[in-house]
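Peer 1: what shape does this take:
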Amino acid sequence: MNYRRVLHGAKFWFWVALFVAYSAGAVGLLMIDTQEDRYRRLSSVELTKVQSTPDARRSGASQVAAVYRAQSGMPFNSLPAGSTFQVVWPDGSTETMMIVDPTSPNGVRPVPGSQIAADPSP
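Peer 2: Numbers count the residues shown, from 1 in each chain. Purely as a prediction, here's the structure:
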(Lines give C-alpha, C1' and ligand atoms only; values in the text may rest on other atoms or scores of the structure.)
Protein backbone atom coordinates (compact mmCIF):
# COMPACT_ATOMS: atom_id res chain seq x y z
CA MET A 1 0.00 0.00 0.00
CA ASN A 2 2.77 2.42 0.94
CA TYR A 3 4.61 1.46 -2.29
CA ARG A 4 1.63 2.57 -4.40
CA ARG A 5 1.45 5.92 -2.64
CA VAL A 6 5.16 6.54 -3.27
CA LEU A 7 4.79 5.47 -6.90
CA HIS A 8 1.78 7.75 -7.36
CA GLY A 9 3.68 10.66 -5.80
CA ALA A 10 6.71 10.03 -8.01
CA LYS A 11 4.55 10.00 -11.14
CA PHE A 12 2.83 13.20 -10.09
CA TRP A 13 6.10 15.09 -9.46
CA PHE A 14 7.62 13.73 -12.68
CA TRP A 15 4.79 15.23 -14.74
CA VAL A 16 4.95 18.50 -12.80
CA ALA A 17 8.71 18.76 -13.45
CA LEU A 18 8.22 17.90 -17.12
CA PHE A 19 5.51 20.56 -17.50
CA VAL A 20 7.66 23.23 -15.82
CA ALA A 21 10.68 22.36 -17.95
CA TYR A 22 8.62 22.46 -21.16
CA SER A 23 7.02 25.78 -20.21
CA ALA A 24 10.40 27.35 -19.46
CA GLY A 25 11.80 26.11 -22.76
CA ALA A 26 8.83 27.29 -24.78
CA VAL A 27 9.02 30.82 -23.37
CA GLY A 28 12.75 31.26 -24.02
CA LEU A 29 13.95 33.14 -27.07
CA LEU A 30 16.64 31.55 -29.17
CA MET A 31 19.64 33.85 -29.57
CA ILE A 32 22.13 33.21 -32.37
CA ASP A 33 25.47 35.02 -32.16
CA THR A 34 27.06 35.41 -35.58
CA GLN A 35 30.53 35.69 -34.00
CA GLU A 36 30.53 31.91 -33.50
CA ASP A 37 32.81 30.03 -35.90
CA ARG A 38 29.98 28.30 -37.71
CA TYR A 39 28.28 31.60 -38.66
CA ARG A 40 31.22 34.02 -38.93
CA ARG A 41 32.22 33.35 -42.53
CA LEU A 42 28.77 33.16 -44.12
CA SER A 43 28.71 35.45 -47.15
CA SER A 44 25.52 37.28 -46.22
CA VAL A 45 26.50 37.70 -42.57
CA GLU A 46 30.05 39.10 -42.59
CA LEU A 47 29.15 42.78 -43.07
CA THR A 48 25.52 42.78 -41.95
CA LYS A 49 24.20 45.07 -39.20
CA VAL A 50 20.81 46.53 -38.32
CA GLN A 51 21.54 49.55 -40.55
CA SER A 52 21.94 47.25 -43.59
CA THR A 53 19.14 47.00 -46.12
CA PRO A 54 16.20 44.78 -45.15
CA ASP A 55 17.05 42.38 -48.00
CA ALA A 56 20.63 41.98 -46.75
CA ARG A 57 19.39 41.33 -43.20
CA ARG A 58 16.80 38.80 -44.43
CA SER A 59 19.42 37.01 -46.48
CA GLY A 60 21.88 36.86 -43.59
CA ALA A 61 19.25 35.70 -41.13
CA SER A 62 18.11 33.01 -43.58
CA GLN A 63 21.67 31.70 -43.85
CA VAL A 64 22.05 31.70 -40.07
CA ALA A 65 18.73 29.85 -39.64
CA ALA A 66 19.73 27.27 -42.26
CA VAL A 67 23.05 26.55 -40.51
CA TYR A 68 21.29 26.34 -37.14
CA ARG A 69 18.76 23.85 -38.54
CA ALA A 70 21.46 21.78 -40.24
CA GLN A 71 23.45 21.43 -37.03
CA SER A 72 20.53 20.78 -34.70
CA GLY A 73 19.49 17.32 -33.62
CA MET A 74 16.10 17.64 -35.32
CA PRO A 75 16.63 19.73 -38.49
CA PHE A 76 13.06 19.42 -39.77
CA ASN A 77 11.53 20.48 -36.44
CA SER A 78 13.85 23.31 -35.44
CA LEU A 79 12.80 26.85 -36.35
CA PRO A 80 9.45 26.05 -37.99
CA ALA A 81 7.32 28.72 -39.67
CA GLY A 82 6.11 31.30 -37.16
CA SER A 83 9.00 30.86 -34.74
CA THR A 84 11.25 33.75 -33.78
CA PHE A 85 14.91 34.06 -32.94
CA GLN A 86 17.22 36.90 -32.06
CA VAL A 87 20.33 37.40 -34.16
CA VAL A 88 23.41 39.25 -32.96
CA TRP A 89 25.14 40.71 -36.01
CA PRO A 90 28.98 40.92 -36.23
CA ASP A 91 29.02 44.59 -35.13
CA GLY A 92 27.09 43.73 -31.95
CA SER A 93 23.70 45.04 -33.08
CA THR A 94 20.71 42.77 -32.50
CA GLU A 95 17.26 42.20 -33.91
CA THR A 96 14.50 39.64 -33.71
CA MET A 97 13.60 37.70 -36.84
CA MET A 98 10.53 35.60 -37.64
CA ILE A 99 10.55 32.49 -39.82
CA VAL A 100 7.96 32.93 -42.58
CA ASP A 101 8.92 30.07 -44.92
CA PRO A 102 11.66 27.65 -43.82
CA THR A 103 12.16 26.39 -47.39
CA SER A 104 12.75 29.80 -48.98
CA PRO A 105 16.21 31.41 -49.27
CA ASN A 106 14.64 34.63 -47.94
CA GLY A 107 12.01 33.04 -45.72
CA VAL A 108 12.85 35.22 -42.72
CA ARG A 109 11.57 38.70 -41.95
CA PRO A 110 12.63 41.19 -39.29
CA VAL A 111 10.17 41.90 -36.49
CA PRO A 112 9.40 45.63 -36.72
CA GLY A 113 10.82 47.70 -33.89
CA SER A 114 13.14 44.96 -32.60
CA GLN A 115 16.36 46.44 -33.99
CA ILE A 116 18.93 47.54 -31.38
CA ALA A 117 22.04 49.28 -32.68
CA ALA A 118 25.49 48.30 -31.43
CA ASP A 119 26.94 50.17 -28.48
CA PRO A 120 29.33 52.78 -29.94
CA SER A 121 31.69 52.70 -26.92
CA PRO A 122 35.01 50.92 -27.53
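
Peer 1: what number of residues lie near G60?
Peer 2: Using other Cβ atoms under 10 Å, G60 has 26 neighbouring residues. Any C-beta I mention is one placed from the backbone N, CA and C, and that applies to glycine too.

Peer 1: got a list of what T84 touches?
Peer 2: L29, L30, T96, M97, M98, I99, V111 (Cβ atoms under 8 Å, 6 or more residues apart in numbering).

Peer 1: by neighbours, which of these wins?
Peer 2: Of all those, M97 has the most neighbours under the rule other Cβ under 10 Å, reaching 25 neighbours.

Peer 1: the residue lying closest to it once chain neighbours are set aside and P102: what is the separation?
Peer 2: Leaving out its chain neighbours, the residue that sits closest to M97 by Cβ to Cβ, 6 or more residues apart in numbering is A61, at 4.5 Å. Going from A61 to P102 by Cβ to Cβ, to the nearest Å gives 12 Å.

Peer 1: show me which of those two is the more surrounded one.
Peer 2: Neighbours per residue, other Cβ under 10 Å: of A61 and P102, the larger number sits with A61, 28 against 19.

Peer 1: and the contacts of the host helix or strand of the more buried one?
Peer 2: Using DSSP states H and E, A61 falls within helix 54-71. Residues outside helix 54-71 that contact it (Cβ under 8 Å, 6+ apart): 30, 32, 34, 38-39, 42-45, 48, 50, 52, 75-76, 78-79, 85, 87, 89, 95, 97, 99, 102, 104-110.

Peer 1: so what strands line up beside whichever helix or strand comes after it?
Peer 2: For helix 54-71, the succeeding helix or strand toward the C-terminus, using DSSP H and E, is strand 84-88. Strands adjacent to strand 84-88 in the sheet, as given by DSSP bridges, are strand 30-33 (parallel), strand 94-99 (antiparallel).

Peer 1: buried set for strand 84-88?
Peer 2: Neighbour-count burial for strand 84-88, with 16 or more other Cβ atoms under 10 Å as criterion, is recorded at F85, Q86, V87, V88.

Peer 1: format those as JSON lines; extra columns: distance to G9 and pLDDT.
Peer 2: JSON lines is the format used below for the buried residues of strand 84-88 (distance: Cβ to Cβ, whole Å; pLDDT from 0 to 100):
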{"residue": "F85", "distance to G9": "39", "pLDDT": "92"}
{"residue": "Q86", "distance to G9": "40", "pLDDT": "93"}
{"residue": "V87", "distance to G9": "44", "pLDDT": "93"}
{"residue": "V88", "distance to G9": "44", "pLDDT": "93"}
